[in-house]
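Asker: Provided below for reference: sequence and predicted model.
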Amino acid sequence: QVQLVESGGGLVQAGGSLRLSCAVSGTGTIFRIYVMGWYRQAPGKQRELVATITSGGSTNYADSVKGRFTISRDNTKNTVYLQMNGLKPEDTAVYYCNRARSDFGPFPFNSWGQGTQVTVSS
């Protein structure tokens with residue numbers, strides 16, 4: 001059973017920064033071959049994929065976050081990160097990490113973590 005634990009969210013003013021972390025367990029060393037992504041779900045909206053990173057470190061971003069967010073990974077720690085700069089009120093959402101596809105599509109494991117709340121005040 002794959003387990004994902006997200007952390008690092010909080011309340012920040014517009015223009016501020018946060019760094020999210022996601023610890024993944026239950027995959028063993030196979031973690032390194034997975035494309036991983038960060039998703040977010042705002043109140044009343046569907047969950048959307050915002051960033052992905054391949055096993056080789058290639059990244060891709062939704063247009064709404066391009067140039068402001070940076071995804072990275074540490075395969076020695078089975079951890080994925082999301083550095084968020086220039087935050088906007090519309091970035092307010094619960095953020096989740098999970099597996100993704102290299103063509104920037106969702107491909108989650110059978111489980112999700114609890115997510116981490118990001119709230120951006122104007």
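Answerer: Happy to help now that I have it. Note that the structure is a prediction, hence the values are computed from the model and not measured.

Asker: Can you tell me the element the residue nearest the centre of the chain falls in?
Answerer: What sits nearest the mean C-alpha location of the chain, by Cα atoms, centre = their mean, is residue 38, with 2.2 Å. Assigned by DSSP states H and E, residue 38 belongs to strand 36-41.

Asker: list the buried ones in that strand?
Answerer: Buried residues in strand 36-41, counted by 16 or more other Cβ atoms under 10 Å: 36-40. C-beta coordinates here come from the backbone N, C-alpha and C atoms, glycine included.

Asker: neighbours of residue 50, just the number please.
Answerer: Residue 50: 24 surrounding residues under other Cβ atoms under 10 Å.

Asker: next SSE after the host helix or strand of it?
Answerer: Using DSSP H and E, residue 50 maps to strand 48-53. Scanning forward in sequence from strand 48-53 by DSSP H and E, the next helix or strand is strand 59-61.

Asker: Which other helices and strands does that next one contact?
Answerer: strand 48-53, strand 69-74 (3 or more Cβ pairs under 8 Å, 6 or more residues apart in numbering; DSSP states H and E).
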